[in-house]
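[1] pasted the sequence and its predicted model underneath.
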Amino acid sequence: EHEQQLSMKFDNEIVSFHDQLLGQILKLEKDNYMLLDIFDQIEQWKKTTINKIEKAAEKAQYQLIELIDKQRINVVKQLEPITKEILCRREEENFLENDIDRLRKKIDEIQQILQPFIQKDTNKSIIVDSDQIDWDRLIYIRTEQLHSPVLSNANLNQNTKWIQNGITVAGLNGRGTGMHQLCNPWGSYVDDDQTVYIADCSNHRIVEWKRGVAIGRVVAGGNGAGNRPDQLNCPTDVIIDKEQDTLIICDYENKRVVRWPRQNGKSGETIISNVGCWGLTMDDDRFLYIVDHDRHEVRQYRMEKRQESVVAGGKGPGNRLNQLYQPTYVFVDRDHSVYVSDSNNNRVMKWMKGAKQGIIVAGGQIQGNSLTQLSNPFGIAVDLLGTVYVADNGNNRIMRWIQGAILGSVIAGGNDQGNQSNQLCHPTGLSFDREGNLYGSDEGNDRIQKFNIDRN
């Protein structure tokens, strides 16, 4: 009887739901794709955009009509005295060589003014064609990702290359406090639309820098160094919690982690105190990972339940496999393995979930500049293949370390310390966008450098 009940339960709860799911999959054919609501949204966007473009074109046509009319009136006014003089001289039969040359010159000058309006091949001289719209990104499709670093979506492999001349996307005018400047940028976060959020450490603020603009916008802090709710003191890292639409910030000198509204936030709230927070990240289960630089450990926090546990280090400063020494930044992969930049040990460590000690995945030799060595590693990222990318701060370069490799390779910088487009000066933060483009916080040059992925 029990077996019969289990059989019925299996049919009702497994077979039935499986068949329903299979039926839904079979219905999802290409012919039915257009029935999805999102296609209606795209169609509505198309109509709205076309309407806006038509209105812009009509406005330009109206402006052109006004311009031509204004010029026509101006030309008529200039021609009037010449017309009177011609009639007068014709009536008096008064023709001198100099007068003929003078009148011809004036008529030619007026003709030149009129020329752009009467010949089709010259009308471009009065049309300003604004090419500021990025048509490839005017509308595009992306999947929403709440917490995980965007590198997990980038199609990277061990042969991927980046263009060696970087583009400055933030901090175009050297060190300073202006909205077009940065001062010791540290950690950064790149959003889905390539907006960069920067921990502008010595300006005590978080700056939002949208793609393609020359000026940033303060989204947290910016009220001088201090510990008030509306202040920061040397922030070193920032991430976005999209579920709550907030910024989570390492406020290092205040020994706290603060949460700040992403939209028009005037002040933040302390969510973790008494912590030497240098770097942080969040996984898709909403666990927050904090690098405690001062306690030489990485802690995991369950925000809603106020729970915390040490997931890397925690055995005091040292170079054993169960120790860290002044760690800086952290990355967590889909298996919840923790990668941490063990800065003063000149290595990157991987701690698998629940492990009592880590394994060295990059560096681990004495401090140096060979391809087997690192010098004070900072920002870190890991792709789906387990390849480690690290900002090699003391060597002014960004390195790639393939899983299991003894030595790494330089993917950006490494051309001595400097401020040229192919140089870095003590890089700190490291981020990727969804397309695999690389962003480095070039701390010594007070700028963010973008190294585009090489498609050739």
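    All right, it came through fine. Only a predicted model underlies this, so the values are computations on that prediction, with no experimental measurement involved.
[2] now G368: how far from T83?
    87 Å (CB to CB, to the nearest Å). In short, each C-beta sits where N, CA and C put it, glycine included.
[3] just L288 next, same as before
    Noted for L288: a distance of 83 Å to T83, by CB to CB.
[4] more neighbours: which of these two?
    Neighbours per residue (other CB atoms under 10 Å) separate L288 from T83, with L288 holding more: 22 against 10.
[5] for that one, give me its contacts.
    L288 sits next to 248, 257, 280-282, 300-303 when contact means CB atoms under 8 Å, 6 or more residues apart in numbering.
[6] cutoff 10 Å now
    147, 239, 241, 248, 257, 271-272, 280-282, 299-303, 308, 332 (CB atoms under 10 Å, 6 or more residues apart in numbering).
[7] restrict those to the buried ones and give me that as a ChimeraX selection.
    Per 16 or more other CB atoms under 10 Å, the buried members of those correspond to this ChimeraX selection:
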select :147,239,241,248,257,271,272,280,281,282,299,300,301,303,308,332
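[8] among the contacts of L288, name the ones in helices.
    Counting by DSSP state H, no part of these is found in helices.
[9] quick one: the nearest residue to N233 once chain neighbours are set aside and R175, what's the gap?
    Nearest residue to N233, sequence neighbours excluded (CB to CB, 6 or more residues apart in numbering): E253, at 3.8 Å. Computed as CB to CB, the E253 to R175 distance reads 19 Å.
[10] same check, this time on Q111
    Taking CB to CB, one finds Q111 at 56 Å from R175.
[11] and the two? Which one has more around it.
    Between Q111 and R175, counted using other CB under 10 Å, R175 has the larger neighbour count: 16 against 11.
[12] who's the more buried one bridged to?
    L182 (DSSP bridges).
[13] quick check: it touching C425?
    No: R175 lies out of contact with C425 (CB atoms under 10 Å); the separation is 11.5 Å.
[14] now the strands for the stretch 301-450 of the chain?
    307-313, 330-332, 338-342, 347-351, 359-363, 377-382, 388-392, 397-401, 409-413, 427-432, 438-442, 447-451 (DSSP state E, counting those that start in this stretch).
[15] name the residues of the longest one that are buried.
    To tie it back to what came earlier, the one meant is strand 307-313. In strand 307-313, counting by 16+ other CB under 10 Å, buried: 308, 311-313.
[16] can I see the domain layout of this protein?
    Using automatic domain parsing, the domains assigned to the chain come out as 37-137, 150-451.
[17] can you say which of those is packed in most?
    Most buried of the domains of the chain, by mean neighbour count (mean count of other CB atoms under 10 Å): domain 150-451, with a mean of 20.
[18] state the mean pLDDT of that one.
    In this model, domain 150-451 has a mean pLDDT of 93.
[19] quick one: what helix or strand has E208 in it?
    Take DSSP states H and E as the rule and E208 turns out to sit in strand 205-209.
[20] packing partners for that strand?
    Applying 3 or more CB pairs under 10 Å, 6 or more residues apart in numbering; DSSP states H and E, one finds that strand 205-209 makes contact with strand 167-170, strand 185-190, strand 196-200, strand 217-221, strand 235-241, strand 246-251.
[21] dump those strands to a markdown table, plus distance to V338.
    A markdown table is the format used below for those (distance: least, CB to CB, whole Å):
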| stretch | distance to V338 |
| --- | --- |
| strand 167-170 | 29 |
| strand 185-190 | 17 |
| strand 196-200 | 21 |
| strand 217-221 | 26 |
| strand 235-241 | 15 |
| strand 246-251 | 16 |
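[22] nearest to F17, out of the ones you listed?
    strand 235-241 (33.4 Å; CB to CB).
[23] gap between the helix or strand where R72 lies and the chain center?
    Assigned by DSSP H and E, R72 belongs to helix 37-92. Distance of helix 37-92 from its chain centroid, counting by CA atoms, centre = their mean, to the nearest Å, is 41 Å.
[24] please name every helix or strand in contact with the following helix or strand past it.
    Downstream of helix 37-92, the first helix or strand assigned by DSSP H and E is helix 97-118. Secondary structure elements in contact with helix 97-118, counted by 3+ CB pairs under 10 Å, 6+ apart, are helix 37-92.
[25] could you give the angle of the helix it packs on to helix 97-118?
    160 degrees (axes from the mean of the first three to the mean of the last three CA atoms, to 10 degrees).
[26] for helix 37-92, packing partners?
    Against helix 37-92 (3+ CB pairs under 10 Å, 6+ apart) you get helix 97-118.
[27] give the rounded mean pLDDT of the helix it packs on.
    pLDDT averaged over helix 97-118 gives 78.
[28] what about that helix, distance to the chain center?
    So, by CA atoms, centre = their mean, the centroid of helix 97-118 is 56 Å from its chain's centroid.
[29] minimum distance to E92: which of the helices and strands packed on strand 205-209 has it?
    strand 167-170 (71.2 Å).
[30] with only the CA atoms kept, save that closest one in PDB.
    C-alpha atoms of strand 167-170 as PDB (Å, rounded to 0.1, in the frame of the first residue of the first chain):
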ATOM      1  CA  ILE A 167      41.300  55.300 -22.800                       C
ATOM      2  CA  THR A 168      40.800  57.600 -19.800                       C
ATOM      3  CA  VAL A 169      37.100  57.300 -18.900                       C
ATOM      4  CA  ALA A 170      37.200  59.300 -15.600                       C
END
